[in-house]
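*Asks:* Give me the fold of what follows.
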Amino acid sequence: MYFDSGSVNERSVSRFPSISQTELSSPLDLLPISRYRFTLVANTPIRLPLYKGSTVHGGFGHALRKISPTYYRMLFEPENTGLAVAQIPRPYVLLPPLDELDEYPAGHIFHLELTLFGNAISYFPICHAALEYLGGEMGIGGQGGKFSIQRIEQADSTDLTIPVTDSSQSSIFLHFVTRTRLTVDSELLRSPPNFQTFFTRLIGRLETLTHFYGQGEFIDRDQRAILTQHANTITTTDSSVHFYEWDRFSGRQRKWMKFGGLLGWCDYRGRLAPFLPYLALGEWCHVGGKTSFGLGKFVIDWGDIES
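*Replies:* Sure thing, here's the model as predicted:
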């Protein structure tokens with residue numbers, strides 16, 4: 001659906017198609033979530049790094065601060081009594097284009113995704129305006145390339161779906177699509193994560209998002225303990241995961257920062273059915289550190305689990 005980008009509302013944003021036919025179970029209704037996929041077209045040549053997360057995130061932030069300092073603080077510097085800003089998850093994930101091109105010629109079509117949580121869903125119009133301002137006025141990349149928004153597709157938690165399996169044994173391939181920063185004992189993990197480590201970090205992320213932006217307790221303590229213990233029975237049968245470095249310069253902090261993380265896939269096998277709703281939600285929420293930059297994106301290949 002195409003629309004006049006000057007006035008965006010719920011009716012002017014088309015819907016994502018569902019990814020499966022089976023709806024998620026009720027615990028996931030506790031975290032309001034909405035995802036927007038932007039189809040963009042380059043109006044002039046755009047030069048970008050191979051991984052575009054820092055450039056897109058920085059450009060979005062600068063544009064947002066230009067047009068609305070208040071909304072910039074609400075998204076980039078959320079406040080909570082008694083906690084430092086660094087301890088509060090951002091209420092969004094901005095996934096950049098994932099191609100490995102370093103230049104888009106004029107007319108090139110590319111995509112990015114913005115996922116908003118909780119009350120931040122109501123900020124979508126200002127986020128849309130910031131991206132329009134970035135593409136039409138400020139420009140992005142080394143030469144300040146310009147782009148325009150052609151289309152927006154939207155999906156929310158009612159579109160989140162998972163396969164169903166009654167099998168006692170099943171397998172999934174979990175692909176780390178963008179660098180994933182998982183910690184164990186406060187140290188950054190540099191080897192393939194076992195399933196318990198991965199699931200513990202994922203459930204922690206979902207709990208934290210729900211605490212700040214959701215409605216009620218995401219999972220009770222006993223249920224979490226049972227799932228975490230059961231996660232220890234899931235085996236890793238194969239993996240291609242390696243740690244890949246990535247250094248970025250922070251314009252706000254005026255220094256170089258290390259954003260390296262895991263890339264590749266893990267083949268997990270075991271009785272996975274209890275974990276499927278959380279894995280499906282995690283595909284949208286990402287996992288690990290620096291998720292607002294698009295890091296921690298993973299995708300599930302459901303393997304022998306039937307859809």
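*Asks:* Only C-alpha atoms from now on, for both contacts and neighbour counts.
*Replies:* Noted.
*Asks:* where does the stretch 151-300 of the chain have low pLDDT?
*Replies:* Along the stretch 151-300 of the chain, segments meeting pLDDT under 70 span 163-169, 248-257.
*Asks:* Give me the neighbour count for the closest residue in space to Phe293 that isn't next to it in sequence.
*Replies:* Excluding the flanking residues, the one nearest Phe293 by C-alpha to C-alpha, 6 or more residues apart in numbering is Gly53, at 5.3 Å. Applying other C-alpha atoms under 10 Å, we find 24 residues neighbouring Gly53.
*Asks:* contacting residues for Gly53?
*Replies:* With contacts defined as C-alpha atoms under 8 Å, 6 or more residues apart in numbering, Gly53 is in contact with Leu94, Leu95, Pro96, Pro97, Phe293, Gly294, Leu295.
*Asks:* Can you pull the phi/psi pair for the first one?
*Replies:* Backbone torsions of Leu94, given as degrees, to the nearest 10, read phi -110, psi 110.
*Asks:* What strand or helix carries the residue nearest to it when sequence neighbours are not counted?
*Replies:* Excluding its sequence neighbours, the residue lying closest to Leu94 (C-alpha to C-alpha, 6+ apart) is Leu114, at 4.7 Å. In this structure, Leu114 sits in strand 109-117 according to DSSP states H and E.
*Asks:* Which positions within the helix or strand that comes right after that strand qualify as buried?
*Replies:* Downstream of strand 109-117, the next assigned helix or strand under DSSP H and E is helix 124-133. Residues of helix 124-133 classed as buried: Phe124, Ile126, Cys127, His128, Ala129, Ala130, Leu131, Glu132, Tyr133 (neighbour count, 16 or more other C-alpha atoms under 10 Å).
*Asks:* Contacts only, for the second one.
*Replies:* With contact taken as C-alpha under 8 Å, 6+ apart, Ile126 is in contact with Leu64, Tyr71.
*Asks:* where exactly do the helices run in the stretch 201-307 of the chain?
*Replies:* Using DSSP state H, counting those that start in this stretch, the helices of the stretch 201-307 of the chain run over residues 221-231, 276-285.
*Asks:* among those, which is the most enclosed?
*Replies:* helix 276-285 (a mean of 20; mean count of other C-alpha atoms under 10 Å).
*Asks:* okay, the angle between that helix and strand 109-117?
*Replies:* Put simply, helix 276-285 runs at 120 degrees to strand 109-117, going by axes from the mean of the first three to the mean of the last three C-alpha atoms, to 10 degrees.
*Asks:* elements contacting helix 276-285?
*Replies:* Where contact means 3 or more C-alpha pairs under 8 Å, 6 or more residues apart in numbering; DSSP states H and E, helix 276-285 is packed against helix 195-213, strand 298-301.
*Asks:* got the buried residues for the last one?
*Replies:* Translated: strand 298-301. Phe298, Val299, Ile300.
*Asks:* One more: the longest one?
*Replies:* Buried residues in helix 195-213, counted by 16+ other C-alpha under 10 Å: 195-203, 205-210, 212-213.
*Asks:* could the contacts of Gly53 go into TSV alongside distance to Phe110 and neighbour count?
*Replies:* Output for the contacts of Gly53, formatted as TSV (distance: C-alpha to C-alpha, whole Å; neighbours: other C-alpha atoms under 10 Å):
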residue	distance to Phe110	neighbour count
Leu94	14	22
Leu95	12	25
Pro96	9	22
Pro97	7	17
Phe293	17	22
Gly294	16	31
Leu295	19	28
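*Asks:* Quickly name whichever of those is closest to Asp222.
*Replies:* Checking the contacts of Gly53 against Asp222 with C-alpha to C-alpha, the nearest one is Leu295 at 30.0 Å.
*Asks:* Can you pull the phi and psi angles for that closest one?
*Replies:* Dihedral angles (degrees, to the nearest 10) for Leu295: phi -70, psi 160.
*Asks:* I figured it hits Phe176, correct?
*Replies:* No - in this structure, Leu295 is not within contact of Phe176 by C-alpha atoms under 8 Å, at 9.3 Å.
*Asks:* Kindly provide the distance from Asn119 to Asp159.
*Replies:* Applying C-alpha to C-alpha, to the nearest Å, the value for Asn119 to Asp159 is 19 Å.
*Asks:* what does Ile203 give?
*Replies:* In terms of C-alpha to C-alpha, Ile203 sits 20 Å off from Asp159.
*Asks:* What of Leu114?
*Replies:* 16 Å.
*Asks:* picking that back up, turn the buried residues of helix 124-133 into a markdown table, columns for distance to Trp265 and pLDDT.
*Replies:* Shown next, in a markdown table, are the buried residues of helix 124-133 (distance: C-alpha to C-alpha, whole Å; pLDDT from 0 to 100):
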| residue | distance to Trp265 | pLDDT |
| --- | --- | --- |
| Phe124 | 33 | 98 |
| Ile126 | 36 | 98 |
| Cys127 | 32 | 98 |
| His128 | 33 | 98 |
| Ala129 | 36 | 98 |
| Ala130 | 35 | 98 |
| Leu131 | 32 | 98 |
| Glu132 | 35 | 98 |
| Tyr133 | 37 | 98 |
